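Peer 1: prediction below, plus the sequence it came from.
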Amino acid sequence: MAATVSRISVTPVKGLALHHPDAVELTPGGVPGDRAFVLVDPRGHMVSAGRLGALLSVRAEHDADAGTLSLAFADGRVITEIVELDEPVAVRFYGLRLEARPVRGPFSAALSEHAGTPVRLVRMPPTRPGVDRGAVGAATLISSASLRRLAAQAGVAEVDARRFRMTFEIDGVEPHAEDGWVGGEVAIGDARLRITGHVGRCVLTTRNPETGAVDLRTLHVLKAYRGDVRSTEPLPIGVAEA
C-alpha cells in the first residue's frame, strides 16, 4: 500500500479549532495563512490551548482576499469583522522577542470572556507565523499507524490525531515509520520536504480536541514506551520538515 495523506490540518489562529482542507499550498515557510494570528497574555507572552483548553472549541475563518476574520463559538455566536491592525508591539513567542500587530475590534474581548482570562489577538509578522518551529518545522507529519500504536499503549480504542495538530496525517506506513525519515526527504504532492527532526509533545496533547478537557495521559504513555527513543526532541511522535 502506497503512503497517502489522509488529512491536512491548519488554523488561522493558533490554538483554535483546526480546519481540514482537501489541499493546501506548501511553501518554504509552511502553509500560507496557517497560524497567522496568535493570542498573548497581558505581559505579551504567547498563550495556547495547552494552557487554555476552552480555545479549542472556537473556530476561526480568515478570508485574506476580503480581509475579514470570523470567530464561531460553541454557543452559536459568530463575530465577523474586517481585520484592522494597531502599531506593532513586542511579544514573546517560545523565548523569541517578535514584533506583532494587535488586532482591533471585538475579537480579543470575546476570546477573553470565553477563556476566562485576559488575552489579546495579534497578527504575527508575515516572515514568522505562529507555528512552533518557524520556517524550520513549518510543516509537520504524523502517521495514522503511530496513533494506533499510541492508542494501544494507552489502552484506549483510538487517539484523535487532532490532539497533535500536525499539518499532514499519513496512511500506509508502519507505526513510527516517521523516525526513519529524519535526515531524508519525503514527497507530498509536488513538494519535497526535508525532514530535520522529531516533534516532541507538550501538555496540549492531553486535551480533548473538541472540549479542551484533559482526558488522556499522553505524555505519561509516550514516556513509558518512547522515552528511550533517540530523537531530536523529548517524548517524540511525528516529525518536522525544513
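Peer 2: Arrived safely. Numbering: from 1, shown residues only.

Peer 1: if we go by neighbour counts, what in stretch 15-22 is buried?
Peer 2: Residues of stretch 15-22 classed as buried by neighbour count (16 or more other CB atoms under 10 Å): Gly15, Leu16, Ala17, Leu18, His19. Glycine gets a C-beta too; all of them are placed from N, C-alpha and C.

Peer 1: wait, which of those is closest to Glu113?
Peer 2: Nearest to Glu113 out of the buried residues of stretch 15-22 is Leu16 (CB to CB; 14.9 Å).

Peer 1: phi first, then psi, for the closest one.
Peer 2: Torsion angles at Leu16 (phi, psi; degrees, to the nearest 10) stand at phi -90, psi 170.

Peer 1: just checking, it touches Ala60?
Peer 2: Yes: using CB atoms under 8 Å, Leu16 is in contact with Ala60, at 4.8 Å.

Peer 1: partner strands of the longest strand anywhere in the chain, parallel or antiparallel?
Peer 2: Ranked by residue count under DSSP state E, the longest strand found in the chain is strand 191-200. According to DSSP bridges, strand 191-200 forms sheet pairs with strand 185-188 (antiparallel), strand 236-241 (antiparallel).

Peer 1: and the longest one, C-alpha only, in PDB?
Peer 2: As requested, C-alpha coordinates have been extracted for strand 236-241 and formatted as PDB (Å, rounded to 0.1, in the frame of the first residue of the first chain):
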ATOM      1  CA  PRO A 236       8.600  12.300  20.200                       C
ATOM      2  CA  ILE A 237       5.800  11.300  17.900                       C
ATOM      3  CA  GLY A 238       5.800  12.700  14.400                       C
ATOM      4  CA  VAL A 239       8.400  14.700  12.500                       C
ATOM      5  CA  ALA A 240       9.000  18.200  11.200                       C
ATOM      6  CA  GLU A 241      10.400  19.500   7.900                       C
END
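
Peer 1: how far away is Val40 from Lys14?
Peer 2: As judged by CB to CB, to the nearest Å, Val40 and Lys14 stand 10 Å apart.

Peer 1: shared neighbours of the two, anything?
Peer 2: Met46 (CB atoms under 8 Å, 6 or more residues apart in numbering).

Peer 1: can you check which of the strands paired with strand 191-200 gets nearest to Met124?
Peer 2: With distances scored as CB to CB, the stretch of these nearest to Met124 is strand 236-241 (18.2 Å).

Peer 1: quick one, what contacts the residue most central in space within the chain?
Peer 2: Geometric centre of the chain, nearest residue: Arg165, 4.2 Å, by CA atoms, centre = their mean. Residues in contact with Arg165 (CB under 8 Å, 6+ apart) are Ser9, Thr11, Leu18, Leu204.

Peer 1: nearest to Ala100 among those residues?
Peer 2: Closest to Ala100, out of all of those and judged by CB to CB, is Thr11, at 16.8 Å.
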